[in-house]
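Below are the sequence and a predicted model for it; my questions follow.
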Amino acid sequence: MRNRILFIAVLGSLLLITGETRAQCTCVTDYRNLPARHEFNLAYAVFVGKVLQVENAPRNEDGSYLETVHFHVTKAWKRDLDANLTITNKIQGCSNGFAENEDWLVYLHTYQDGTVGTRCCCTRTTLLSKAIEDLKTFAADPPAKILRPQVPQRSESQTSVAQVKPIADLRRMFDYHWNEPLAVKETGVEDKNGVRIHDISYASPKGGRVTAYLVVPPGKGTFAGVIFMHQRPGSRKVFLDEAVRFAQAGAVSLLIDAPFSRTGESKRDFDPTVTSPVYDRDIYIQTVVDLRRGVDLLLSRADVDRKRIGFVGFSYGAHTGAILAGVERRIKAYVIMSGAPSLTQFLRTSTMPGIVKTRSSLTKDQQENYFTTLAVVDPINYIGHVAPAALFLQFGSKDRYPNEEMQALYAAAASNPKLVKTYDAGHELNDEARADRAEWLRKQIKLGKVK
């Protein structure tokens, strides 16, 4: 599978249709006054493309915000480019960003951190309607290739798992009142070689309380933050040892119990008869909302750096983590362990005896109602909308769910930047995978060495 190019475009300002330039732009290297041929020679690549979709993240305190822009590339020079490119732009000190259906000429440059991007206010990148003279300058240069996405061949049992709704509509299912009190309660604390493990709970926007461990490093300082989500069956205890090791490397970790692992009135488990699809769907929704509330909790702490938040989810935690990744913009890096693209597609087509038995216990109408209702929480709907956050997908070569075919489909659908690695292991993965995700997160959110 050919690698897509993800590039980070930081816009201090945009060249507006009127031609004026905003004064607040700061350029590390200013290419605006260079001749077109000069910048063409300096550029990593140049392309023409149409803006397909623009997604804006919430504004930061300084008024800046991230804009994720999806391009369809129609022509390229100097480097072969994927037909589908995703740009993330930091909008600051300017009034306009990209807009859907606009055609642009984009100059890409390589930056010191290794990313490839464009600064619209600092380069000749402009609307295509204003790029006539630039295009004439390198019209005779040989064009590069436009690489089409490689879609894995599927068997008849793996029918299409297309997006069920626009991502903006899906995201609204996970809205909540972020300004409501967290109502954190602590029932105990344990000291483990200087690492403090707080037994806490906080209010769930969907009802009841979220039981969790808050694992805090020794000393003072500004720490990274990590949220862990366990499998089913499982509990917050699953990743506790890993969280302690992360604390020793400089991360405050939150490990929550899923609704089915809680007790008393806060407990919600899936309907074993598979006849209550709305109830089952809402457990996934609640888990994601509770994880988002967990981000609020971490960011409410003065010792947590809001720009260094990571996530680790396994199995059920990978399922809900992929949804979270497509919804939540405050997390920088996601590790998705043994995640599958579509639970409903698996339930429709699996030949596993237990799944066949459950499926045969339902009428055709009941089956269709269940699959249709839960399709909105299939991870495949969200995994392609994670940028600018980074993804690390970990799979086991001996895993039956997801199997090799599902893994390939999922990896192809995931947005860039991403790392995909398969281990000689089953669903539980292995020590190599554990070491790899620790090292990957260390680099992503700037941790010390994880032992």
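Okay, I see it.

Show me what the top helix by length along the chain is packed against.
Assignment by DSSP state H gives helix 277-299 as the longest helix of the chain. Judged by 3 or more C-beta pairs under 8 Å, 6 or more residues apart in numbering; DSSP states H and E, the packing partners of helix 277-299 are strand 195-203, strand 209-216, strand 223-229, strand 251-256, strand 304-314, helix 316-327, helix 364-374. Placement of C-beta: from N, CA and C, glycine included.

got the residue ranges for the strands in the stretch 351-451 of the chain?
Counting by DSSP state E, counting those that start in this stretch, the stretch 351-451 of the chain has these strands, from start to end: 390-396, 418-423.

export the longest helix of the chain as CSV, just CAs?
Output of helix 277-299 as CSV, limited to C-alpha atoms (Å, rounded to 0.1, in the frame of the first residue of the first chain):
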residue,chain,number,x,y,z
PRO,A,277,-30.1,-2.2,19.7
VAL,A,278,-30.7,1.4,20.9
TYR,A,279,-29.7,0.4,24.5
ASP,A,280,-26.5,-1.3,23.2
ARG,A,281,-25.7,1.6,20.9
ASP,A,282,-26.0,4.0,23.8
ILE,A,283,-23.4,2.1,25.8
TYR,A,284,-20.9,2.8,23.1
ILE,A,285,-22.0,6.5,23.0
GLN,A,286,-21.7,6.8,26.8
THR,A,287,-18.3,5.3,26.9
VAL,A,288,-17.0,7.8,24.4
VAL,A,289,-18.7,10.7,26.2
ASP,A,290,-17.2,9.5,29.5
LEU,A,291,-13.7,9.4,27.8
ARG,A,292,-14.2,13.0,26.5
ARG,A,293,-15.2,13.9,30.1
GLY,A,294,-11.9,12.2,31.1
VAL,A,295,-10.0,14.6,28.8
ASP,A,296,-11.8,17.5,30.7
LEU,A,297,-10.6,16.0,34.0
LEU,A,298,-7.0,15.8,32.9
LEU,A,299,-7.0,19.3,31.5
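
okay, the angle between that helix and strand 195-203?
130 degrees (axes from the mean of the first three to the mean of the last three C-alpha atoms, to 10 degrees).

Go through the strands of the stretch 351-451 of the chain and pick out the most buried.
Ranked by mean neighbour count, the strands of the stretch 351-451 of the chain are led by strand 390-396 with a mean of 24 (mean count of other C-beta atoms under 10 Å).

list the helices and strands it packs on?
Against strand 390-396 (3+ C-beta pairs under 8 Å, 6+ apart) you get strand 333-337, helix 404-413, strand 418-423, helix 431-445.

Mean confidence (pLDDT) on it, please.
The pLDDT scores in strand 390-396 average 96.

Provide the strand pairings for it, with the direction of each partner.
strand 333-337 (parallel), strand 418-423 (parallel) (DSSP bridges).

Now the weakest link among these, please, by mean pLDDT.
strand 418-423 (a mean of 94).

Thanks a lot, see you next time.
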